[in-house]
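Asker: sequence unknown, structure follows:
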Ligand SMILES: Cc1cc2nc3c(=O)[nH]c(=O)nc-3n(C[C@H](O)[C@H](O)[C@H](O)COP(=O)(O)OP(=O)(O)OC[C@H]3O[C@@H](n4cnc5c(N)ncnc54)[C@H](O)[C@@H]3O)c2cc1C
């Protein structure tokens, strides 16, 4: 059968687009190299624990108009539960813990109570966050701020090192350095998390993947798992067919419209062709994250009832210029965030146990040259020293750890093929967010891109929006 739309990769961007197209009764073939869908997303079982591969917090669930429309369209609200996290996050620095509440007024009042002499600066920062949607319509605001980093803005406008750090601690979730991270991305992300809260998906991110998979199948979409695309054929300015391999058997499938949910450079490599769009060769991928998954024999919140959902533990990072120093440290010395899933009704374990994750910045080149024995050994050593660091913050916690496992940038690369194990597509620097890779190929009129490598960028809500944007683009091009 010839499909109207062929999608390479079942990351959240590819899944969202496939669901939207099948809803319109379009014939869709989704091709995924792994034996499970979801790319970065998913849950896996170890002992009695369900462990989360990627989600700490998702934004925009009830505040972003595009996400709201999309979720209504695909009936996601009625089929997937989103759990609001209890606070923005906590930061532990110099033996002091700051617990940042959700809500513009709540958080700004909290910070003003901690740093009363900086009231004016705090008001100015939160005014900007509160009005970012209107501000972005103002050309002079965009001109003045588009090329600024979050670090530059914060240095200029806030004059207390701890306060600066509190406002940008969660950069660690999506970039490795506030001084290199786009101000505009920072403002939109913070505004959305603070106004509307962050959300976890009940039973893990795999439940969103399962729902979308069922949705696509029930609308007659075809899904081929264990099927790796290795060649894209074209004639003049049109893609004509793809070659993929499944269980050692090679297949050729004709293509009318091809959507790539994978890195654009790899996509063009499959055509043995350089893109004519230079953007692709000049842009750098984002960093990755390491995860140390922990299974506890108890509900952690019973032992540490005042813990937060996310706590950033900063030892090296004393101010926002220290992120760089931290990233240059060996992995086991890097500062991290600990996510305690027992603080919400995550559905990941029964009531007698719980799970948590130690998360930090990771780079593929820390791991790429190790052979398999060295790789396993290093993961064990890093896990051991990270757990002993965790013990210093939560005395006695090790007694409850009955399972641990580490994933790295190499793991992300293995499961997604993303260069460097990148988790956010192209790195979200001011220059790069202004040059987002196009959703329609410059070279081939029936080749499109969806997911983290294209607009609006990486992260759950962004890649879902890219699915919606490509769907709307196809409509405009009258392909639907
Ligand atoms: C550890 C970690 C933590 C994260 N935390 C958060 C968070 O808390 N909040 C948040 O919003 N975001 C988070 N993210 C980022 C977010 O998960 C990603 O940005 C997003 O899911 C990427 O989606 P995507 O559509 O670009 O596809 P990807 O997830 O990159 O998937 C691409 C898919 O293409 C498939 N593929 C690749 N090559 C081929 C081929 N040749 N043939 C067939 N299939 C192929 C892959 O197997 C994969 O399934 C995290 C990611 C990770 C890894």
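Answerer: Perfect, I can see it now. These numbers were taken from a predicted model, which means no experiment stands behind them.

Asker: Going by C-alpha atoms from here, please, whenever you check contacts or count neighbours.
Answerer: Will do.

Asker: I'd like the average pLDDT over the strand or helix carrying residue 120.
Answerer: Assigned by DSSP states H and E, residue 120 falls within helix 119-130. Here helix 119-130 scores 97 as its mean pLDDT.

Asker: What is the distance between stretch 335-346 and the centre of its chain?
Answerer: 16 Å (C-alpha atoms, centre = their mean, to the nearest Å).

Asker: And stretch 362-381, end to end?
Answerer: Between the start and the finish of stretch 362-381 there is a gap of 15 Å, counting by C-alpha to C-alpha, to the nearest Å.

Asker: Let me know the average pLDDT across it.
Answerer: If you average the pLDDT over stretch 362-381, you get 97.

Asker: Can you give the contact residues for that stretch?
Answerer: 287, 288, 289, 290, 331, 406, 408, 409, 410, 420, 421 (C-alpha atoms under 8 Å, 6 or more residues apart in numbering).

Asker: Which ones, among those, also lie beside the ligand?
Answerer: residue 289 (C-alpha under 6 Å from any ligand atom).

Asker: And the strands in the stretch 251-400 of the chain?
Answerer: 288-296, 310-314, 336-340, 354-362 (DSSP state E, counting those that start in this stretch).

Asker: Turn these into TSV, including mean neighbour count.
Answerer: TSV is the format used below for the strands of the stretch 251-400 of the chain (neighbours: other C-alpha atoms under 10 Å):
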stretch	mean neighbour count
strand 288-296	24
strand 310-314	24
strand 336-340	24
strand 354-362	25
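
Asker: With distance to residue 91 added, can I get those strands in a markdown table?
Answerer: Output for these, formatted as a markdown table (distance: least, C-alpha to C-alpha, whole Å):
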| stretch | distance to residue 91 |
| --- | --- |
| strand 288-296 | 19 |
| strand 310-314 | 5 |
| strand 336-340 | 9 |
| strand 354-362 | 14 |
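
Asker: residue contacts, the residue lying closest to residue 357 once chain neighbours are set aside?
Answerer: Spatially, and ignoring its direct neighbours in sequence, residue 357 is nearest to residue 293 (4.7 Å; C-alpha to C-alpha, 6 or more residues apart in numbering). Taking C-alpha under 8 Å, 6+ apart, we find residue 293 in contact with 51, 355, 356, 357, 358, 403, 404, 405, 406.

Asker: Could you check how far the second one is from residue 306?
Answerer: From residue 355 over to residue 306 the distance is 16 Å, taken as C-alpha to C-alpha.

Asker: Would you mark the buried spots in the helix holding residue 120?
Answerer: 121, 122, 123, 125, 126, 129, 130 (16 or more other C-alpha atoms under 10 Å).

Asker: Tally up the residues packed near residue 24, please.
Answerer: Residue 24: 10 surrounding residues under other C-alpha atoms under 10 Å.

Asker: Would you state the helices of the stretch 301-450 of the chain in chain order?
Answerer: With DSSP state H, counting those that start in this stretch, the ranges of helices along the stretch 301-450 of the chain come out as 322-328, 372-393, 409-416, 430-433.

Asker: ok, now the stretch 51-200 of the chain?
Answerer: Going by DSSP H, counting those that start in this stretch, the stretch 51-200 of the chain shows helices at 65-73, 104-114, 119-130, 132-135, 139-145, 150-157, 161-168, 171-174, 183-196.

Asker: Skipping adjacent residues, who's closest to residue 397 in space?
Answerer: In space, residue 397 is closest to residue 391, 5.8 Å off (C-alpha to C-alpha, 6+ apart).

Asker: looking at it, that neighbour is touching residue 400, isn't it?
Answerer: No - the criterion here is C-alpha atoms under 8 Å, and residue 391 misses it with residue 400 at 10.8 Å.

Asker: ok, the two, which is more surrounded?
Answerer: residue 400 (17 against 14).

Asker: Kindly provide the distance from the more buried one to residue 169.
Answerer: For residue 400, the distance to residue 169 equals 28 Å [C-alpha to C-alpha].

Asker: Equivalent analysis for residue 381, please.
Answerer: 26 Å.

Asker: go on, residue 255?
Answerer: Distance of residue 255 to residue 169, computed by C-alpha to C-alpha: 45 Å.

Asker: Could you do residue 462 as well?
Answerer: As judged by C-alpha to C-alpha, residue 462 and residue 169 stand 21 Å apart.

Asker: What of residue 478?
Answerer: 44 Å.

Asker: Same list, the buried residues of helix 119-130, but as TSV with distance to the ligand please.
Answerer: Formatted as TSV, the buried residues of helix 119-130 follow (distance: C-alpha to the nearest ligand atom, whole Å):
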residue	distance to the ligand
121	29
122	26
123	27
125	23
126	22
129	19
130	21
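
Asker: Do I have it right that residue 5 meets residue 253?
Answerer: No - using C-alpha under 8 Å, residue 5 is not in contact with residue 253; the gap is 11.4 Å.

Asker: more neighbours, these two?
Answerer: Neighbours per residue (other C-alpha under 10 Å) separate residue 5 from residue 253, with residue 5 holding more: 22 against 16.

Asker: Give me the average confidence score over stretch 326-346.
Answerer: Rounded mean pLDDT across stretch 326-346 is 97.

Asker: and it, which residues are buried?
Answerer: Using 16+ other C-alpha under 10 Å as the test for burial, stretch 326-346 gives 326-327, 331-346.

Asker: That one: end-to-end distance?
Answerer: The first and final residues of stretch 326-346 sit 31 Å from each other (C-alpha to C-alpha).

Asker: Pull the residues that contact that stretch.
Answerer: Residues contacting stretch 326-346 (C-alpha under 8 Å, 6+ apart): 56, 83, 85-86, 176, 200-204, 299-301, 307-317, 354-362, 382-383, 385-386.

Asker: do that again at 7 Å, thanks
Answerer: 85, 202-203, 299-301, 308-317, 354-361, 382, 385-386 (C-alpha atoms under 7 Å, 6 or more residues apart in numbering).

Asker: go on, stretch 62-76?
Answerer: Taking C-alpha under 7 Å, 6+ apart as the rule, stretch 62-76 contacts 60, 61, 77, 196, 465.

Asker: Mind doing that once more with 8 Å?
Answerer: Residues from elsewhere that reach stretch 62-76 (C-alpha under 8 Å, 6+ apart): 19, 20, 60, 61, 77, 192, 196, 461, 464, 465, 468.

Asker: With that, I have no additional questions.
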